[in-house]
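# no FASTA, just this:
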């Protein structure tokens, strides 16, 4: 089955080449890489313009993450869509288990891999239905989180969607400029009666480390997005309620 890989870049020169090279090395044939650049001013575009195997879409400025992802999704035609960050590095055998999990049931709308950083710490394994993030930043050791399970939400650094469900589920909410886009989408998926599955058979590197300086610099985006999310959704462990309905 053909797959669209949608990546949004913004001043991603330090890692986008590694991301693309990993895809080429470890992804089964019959895929299209779609990169939407949000007005990078570093060397990101210089590299991407050398890649003849990429569908490159150039925004004239930073349109926000959700808007750029949606543009990338709608520029493709494949039935399976993978949304990926540019600092994600896939590994051998990463895609088939995710495809199997995604397509195992019509009610599964999202599948997501196990995300680890280069220190072999868990940085993305899906959020439990009590809002907890199990084993976050713990060592990725044998026996930990090895079962496929349903989640309340997943880390947006890498996840799979079904194109034919977009008519029912829609796209990402473009009112989010940065942060909470994927959590909002996950809540909508569950609210509409579909499932989200974490697939530990697929392991992908995502270079997340705590960074107080960075986090303080983008705190405003987080606060704005969190406020929008809280206006839209309510969840007390007994179900998701859309406040605008």
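It's in. Predicted model only: the values in this text are computed from it and were never measured.

# so how many other residues sit close to residue 43?
14 (other CB atoms under 10 Å). Placement of C-beta: from N, CA and C, glycine included.

# so where is this protein shaky, pLDDT-wise?
209-215, 217, 238, 245 (pLDDT under 70).

# who are the packing partners of the biggest helix by length in it?
The longest helix of the chain (DSSP state H) is helix 219-232. In terms of contacts (3 or more CB pairs under 8 Å, 6 or more residues apart in numbering; DSSP states H and E), helix 219-232 is packed against helix 181-191.

# show me what the helix or strand following the helix it packs on is packed against.
As assigned by DSSP states H and E, the chain's next helix or strand after helix 181-191 is strand 195-206. Secondary-structure packing of strand 195-206 (3+ CB pairs under 8 Å, 6+ apart): strand 88-89, helix 95-102, strand 108-116, strand 149-150, helix 181-191.

# direction included, what does strand 195-206 pair up with?
strand 88-89 (antiparallel), strand 108-116 (parallel), strand 149-150 (antiparallel) (DSSP bridges).

# mind putting these in CSV, distance to residue 48 included?
Formatted as CSV, the strands paired with strand 195-206 follow (distance: least, CB to CB, whole Å):
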stretch, distance to residue 48
strand 88-89, 16
strand 108-116, 24
strand 149-150, 36
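
# now, of these, which is deepest in the fold?
strand 108-116 (a mean of 26; mean count of other CB atoms under 10 Å).

# the helix or strand just after that strand: how far from the chain's middle?
Of the helices and strands lying after strand 108-116 in sequence (DSSP H and E), the nearest is strand 122-124. Remark: strand 122-124 is offset 13 Å from the chain centroid, using CA atoms, centre = their mean, to the nearest Å.

# many thanks, we can stop here.
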